[in-house]
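S.K.: Predicted model, plus sequence, below.
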Protein chains: 2
Amino acid sequence: MIKPRTPPGVMELLPRDQIAFQQMLDTIRRNFERFGFLPIETPVFELSEVLLTKSGGETERQVYFVQSTGALSNAAESGSAVPELALRFDLTVPLARYVAEHEHELSFPFRRYQMQRVYRGERAQRGRFREFYQCDIDVIGKDALSVRYDAELPAVIHAVFSELAIGKFTIQLNNRRLMRGFFESLGVRDPQLQTGVLREVDKLDKRGAEHVRETLAGEGFSLAADVVARILDFVQVRSSGHDDALARLAALGQGSDELSRGVAELREVLDLVKSLGVPETHYALNFSIARGLDYYTGTVYETTLDDFPQIGSICSGGRYENLASHYTKSKLPGVGISIGLTRLFWQLREAGLVDTAESSVDVLVSQMDEERLPTYLAIASELRAGGLNVEVQLEPRKLARQFQYADRAGIRFVVIVGEDEEARGVVSVKDLRRAEQFEVARPDLARTLRVELEQARAMRVRMEGDSA
Amino acid sequence: MIKPRTPPGVMELLPRDQIAFQQMLDTIRRNFERFGFLPIETPVFELSEVLLTKSGGETERQVYFVQSTGALSNAAESGSAVPELALRFDLTVPLARYVAEHEHELSFPFRRYQMQRVYRGERAQRGRFREFYQCDIDVIGKDALSVRYDAELPAVIHAVFSELAIGKFTIQLNNRRLMRGFFESLGVRDPQLQTGVLREVDKLDKRGAEHVRETLAGEGFSLAADVVARILDFVQVRSSGHDDALARLAALGQGSDELSRGVAELREVLDLVKSLGVPETHYALNFSIARGLDYYTGTVYETTLDDFPQIGSICSGGRYENLASHYTKSKLPGVGISIGLTRLFWQLREAGLVDTAESSVDVLVSQMDEERLPTYLAIASELRAGGLNVEVQLEPRKLARQFQYADRAGIRFVVIVGEDEEARGVVSVKDLRRAEQFEVARPDLARTLRVELEQARAMRVRMEGDSA
């Protein structure tokens, strides 16, 4: 007998949690599609040679390699080094490979969404996952891509998290060009040095202002005290409302071309975000947002839950210069965001914010008399044709236990038909949510239950909208 | 520069095909849920020790092993044999592990669906995939599971393939107990010998009756000529309609207990399938269906497309005695079916049966005047709030090229607003499907387009229903 267990570092859910997780995936996908993004899926493994174009980075040390049984024994004999296949560690490298491979079959700007699992050999740790979902959207241009596309993504983020209804959130915006321009205006001109400063500044929320001040004034950077002071003032900027954001941009002046360009980009993004109907309570400038990756060159985004800042960013991304330089000579600038849903779900569940009250099953057709089973099956078929998810009690069991099962499983309605109901052409329905029972003519059953369920759903969406 | 390419043996789709594929996945999932099945997902890799409980089978030779970078170098040093992790090669072994692991947290009968990719190191060959989707449902009982559950699965198959609308299909039913009982009544009593005969009979469609006759009469089996003749008569039974199926079962008589029991099971399944509303044109007895796996013990299913028999079975499964004997002492009988969607999609596309006409994007809001961009974005937001999938033309481009883009992308509606329209509070809509243009008041736009799209969808479902 082998002990049944999963490998460490994966999140496997029981059905009730899986239903809640699936609803989140569906909500994200629906909103990605609302904004005209097209689906793609890539294989879980890529050729190692294609996937691992950069050598020796942190990510590469975390890669999982894949070998078939045959390849495994060959490798053991030949002592060959790197296996042919490796599991994807994000969705960006596969996207770069996909766009470069299918460049001549795609329309640009190419708007794609992708929601698949990725793999990283992380150290095993609570809340760290080796397998997790990423839900990504990107817009890829050929040669050029207007900054206007940077404004759509906050609108997508707003739509997704409003509907997920996990509490108030703020989309934090910044622009790396603006930051570099600001550093330049202070005389910090070396791009390497700028990158170093950006990395330190990005730690502001985690380490605090004093730590960042000491680091920038210390040996590695050796910046003058007044320069450090101005940087620290700058990165503590947070806007409050649309006009305040514009005023803070205007206050930056025109210290350098790069600064002016960054300011202009961010202003255009803010104005279009407003045109797209995102409420100004839901976005703000935050000049400390730099994103760790040097990959980003313009707009950057992070999204935080106002009441759960300790969760950190729940949706991040930004603008990059060139997606696929390892695979094609074409210049492919883009902008994208990513939601790490597995970790987010885990954190929400820890915080008690995941609602697992409801089953995906709407109705249990109970079994009162065994000989009436054909009737029960026919009723189930009628309900399914009417768009309801239905389970039938196929084996005899005490009625009380059938109710108990439905209640525990989160099934809202139990349909009951005995001799009397069948003779009168009606069915009894027990509504377990409202704890009440009613009768309805059999031809009206599907419509009646569907109306009840749709009202409950509409009410829930309204309440969640109010709270967000 | 590295040549961007996928590993051999995977199916990667362009967005139009991916949309069609995603619609099939959604249809399958919706119908699985209609019948009260609950979702689960398992990790892509399992512990090798847990996954590979049987030693040395065909499947095991096709397994992909997974190693993190660290584990890889350790293994190279220590020369250790089997890596710790392996990719799942089906969804049945992970289900067995899941049910055994979570036995005390699940309600039985446990009705689960699972739609994920599985991995097999197949020989590279056209139409053979190393990564492919399986869409599975199973009902697992504890200690016992009524044969009534066997009747639900044909109803699910009927619902799924009617809605997929890929042509006429027939669900072929048989029962391995009935077959063993029949062999017994002919004096073929040894279970090993019966298993061998079942395997040969299963090849009837592929190899033909003469090949099977020769094999059974030949050295390996040495069955008497009259026994072989009666077996061949038996396995050629195909019923036509419900009453004919019952008559053919009645004609088998009561040659042995096992035969009687198999007949009774199959009769009950047929009667409940009828009660569930499956039209009798869509199911039939086929006594040559044995399924290769010895795993199955009772009811077995295969489903074939009437006009494309060469595609083989598009949905198969059956009843088994005990799901998880390697992981638990509990007896867990079950019944299940599986759709290999990647291969099916590939075959349907080869046969020209995949409809990629329609984008997931419903509307393109075109750009006539750049200064009206805030209006275009506001219209897009209104349409999205009304449930439509909308792309906005963000960069200036000739209107003719915007129409061309929408047409090629399969986007049905293009919304046009210039100075005149804006002044009158209307929008022009070009319907590319019907090649006509109309005007509508802006507040009515979302509702008008949604009604058009819903009518088109309803019409398509009706037409597909008629053809199936």
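M.R.: Happy to help now that I have it.
S.K.: which stretches of chain A have low pLDDT?
M.R.: Along chain A, segments meeting pLDDT under 70 span A:54-60, A:71-81, A:292-293, A:461-468.
S.K.: Identify the residue nearest the geometric centre of it.
M.R.: Centroid-nearest residue in chain A: A:I339, 2.5 Å away (criterion: CA atoms, centre = their mean).
S.K.: residues touching that residue, list them.
M.R.: Applying CB atoms under 8 Å, 6 or more residues apart in numbering or on different chains, we find A:I339 in contact with A:I28, A:Q134, A:C135, A:D136, A:V160, A:I314, A:C315. (Each C-beta comes from the backbone N, C-alpha and C, glycine too.)
S.K.: can you put these in TSV and add neighbour count, secondary structure and distance to chain B?
M.R.: Shown next, in TSV, are those (neighbours: other CB atoms under 10 Å in any protein chain shown; DSSP: H, G, I helix; E, B strand; the rest coil; distance: CB to the nearest CB, whole Å):
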residue	neighbour count	secondary structure	distance to chain B
A:I28	24	helix	14
A:Q134	20	strand	14
A:C135	23	strand	14
A:D136	23	strand	15
A:V160	26	helix	12
A:I314	23	coil	21
A:C315	24	coil	18
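S.K.: Helix or strand: which one has the residue nearest to the centre of chain A?
M.R.: strand A:334-340 (DSSP states H and E).
S.K.: Contacts for the helix or strand that that strand is followed by next, please.
M.R.: For strand A:334-340, the succeeding helix or strand toward the C-terminus, using DSSP H and E, is helix A:341-350. With contact meaning CB under 8 Å, 6+ apart, helix A:341-350 is reached by A:11, A:17, A:20-21, A:24-25, A:28, A:115, A:117, A:127, A:129, A:131-135, A:166, A:308, A:311, A:314, A:354.
S.K.: Generate a PyMOL selection restricted to the buried subset of those.
M.R.: In PyMOL, this line selects whichever of the contacts of helix A:341-350 come out buried by 16 or more other CB atoms under 10 Å in any protein chain shown:
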select buried, chain A and resi 11+17+20+21+24+28+115+117+129+131+132+133+134+135+166+308+311+314+354
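S.K.: Take the contacts of helix A:341-350 and keep only those in helices.
M.R.: Counting by DSSP state H, these place A:D17, A:A20, A:F21, A:M24, A:L25, A:I28 in helices.
S.K.: Pipe these into JSON lines and attach distance to B:A245 per row.
M.R.: Shown next, in JSON lines, are these (distance: CB to CB, whole Å):
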{"residue": "A:D17", "distance to B:A245": "42"}
{"residue": "A:A20", "distance to B:A245": "43"}
{"residue": "A:F21", "distance to B:A245": "42"}
{"residue": "A:M24", "distance to B:A245": "45"}
{"residue": "A:L25", "distance to B:A245": "42"}
{"residue": "A:I28", "distance to B:A245": "46"}
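S.K.: Based on its surroundings, how many neighbours for A:L272?
M.R.: A:L272: 22 surrounding residues under other CB atoms under 10 Å in any protein chain shown.
S.K.: Now the stretch 251-400 of chain A against chain B: closest residue?
M.R.: Among all residues of the stretch 251-400 of chain A, A:E391 sits closest to chain B, at 3.1 Å; criterion: CB to the nearest CB.
S.K.: Can you give me every residue that contacts that residue?
M.R.: Counting by CB under 8 Å, 6+ apart, the residues that A:E391 touches are A:V361, A:V363, A:L364, A:V365, A:A380, A:I411, B:F35, B:G36, B:R111.
S.K.: Do you have the helices of the stretch 51-200 of chain A handy? List them.
M.R.: Secondary structure of the stretch 51-200 of chain A (DSSP state H, counting those that start in this stretch): helices at A:58-61, A:69-78, A:92-101, A:148-164, A:176-185, A:191-201.
S.K.: The stretch 301-450 of chain A too?
M.R.: Here the stretch 301-450 of chain A has its helices, by DSSP H, counting those that start in this stretch, at A:341-350, A:373-385, A:399-409, A:419-424, A:445-467.
S.K.: follow-up on the earlier one: mind checking the helices of the stretch 51-200 of chain A for the one nearest to B:L272?
M.R.: helix A:148-164 (40.3 Å; CB to CB).
S.K.: and the angle from the closest one to strand A:334-340?
M.R.: If you take axes from the mean of the first three to the mean of the last three CA atoms, to 10 degrees, helix A:148-164 sits at 20 degrees to strand A:334-340.
S.K.: Pop the domain breakdown of chain A in here.
M.R.: Listed by automatic domain parsing, the domain ranges of chain A are A:15-40+A:88-350, A:45-87, A:363-467.
S.K.: which one of those has the most crowded surroundings?
M.R.: Across the domains of chain A, the average number of neighbours (mean count of other CB atoms under 10 Å in any protein chain shown) peaks for domain A:15-40+A:88-350, which reaches a mean of 19.
S.K.: Could I get the contacts of A:E391 in CSV, plus columns for distance to B:Q254?
M.R.: Formatted as CSV, those follow (distance: CB to CB, whole Å):
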residue, distance to B:Q254
A:V361, 40
A:V363, 40
A:L364, 38
A:V365, 35
A:A380, 33
A:I411, 42
B:F35, 34
B:G36, 36
B:R111, 34
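S.K.: before we move on, the earlier item: in CSV: the helices of the stretch 301-450 of chain A, plus distance to B:L332.
M.R.: Converted to CSV, these look like this (distance: least, CB to CB, whole Å):
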stretch, distance to B:L332
helix A:341-350, 28
helix A:373-385, 24
helix A:399-409, 18
helix A:419-424, 35
helix A:445-467, 33
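S.K.: nearest to B:E436, of the helices of the stretch 51-200 of chain A?
M.R.: Of the helices of the stretch 51-200 of chain A, nearest to B:E436 by CB to CB is helix A:148-164, at 29.8 Å.
S.K.: The closest one: how far from the chain's middle?
M.R.: 11 Å (CA atoms, centre = their mean, to the nearest Å).
S.K.: right, and the secondary structure at A:V300 would be what?
M.R.: Here A:V300 is recorded as strand under DSSP: H, G, I helix; E, B strand; the rest coil.
S.K.: That one pairs with what?
M.R.: Per DSSP bridges, the residues bridged to A:V300 are A:N174, A:G318.
S.K.: who's in contact with it?
M.R.: A:L173, A:N174, A:N175, A:R176, A:I289, A:A290, A:R291, A:S316, A:G317, A:G318, A:R319.
S.K.: Who does the closest residue to A:I28 other than its chain neighbours form a beta bridge with?
M.R.: Closest residue to A:I28 apart from its sequence neighbours, by CB to CB, 6 or more residues apart in numbering or on different chains: A:C135 at 5.0 Å. Judged by DSSP bridges, the bridge partners of A:C135 are A:M115, A:I339.
S.K.: A:C135 touches A:R117, doesn't it?
M.R.: No. With contacts counted by CB atoms under 8 Å, A:C135 stays clear of A:R117, the gap being 10.6 Å.
S.K.: Please report how far the spatially closest residue to A:R397 that is not a sequence neighbour lies from A:R88.
M.R.: Nearest non-adjacent residue to A:R397, counting by CB to CB, 6+ apart: A:Q367, 6.9 Å away. Distance, A:Q367 to A:R88, using CB to CB, to the nearest Å: 48 Å.
S.K.: And A:Q236, how far from A:R230?
M.R.: From A:Q236 across to A:R230, the span is 11 Å (CB to CB).
S.K.: Same question for A:F45.
M.R.: For A:F45, the distance to A:R230 equals 49 Å [CB to CB].
S.K.: before we move on, the earlier item: what's across from the residue of the stretch 251-400 of chain A closest to chain B in the sheet?
M.R.: A:L364.
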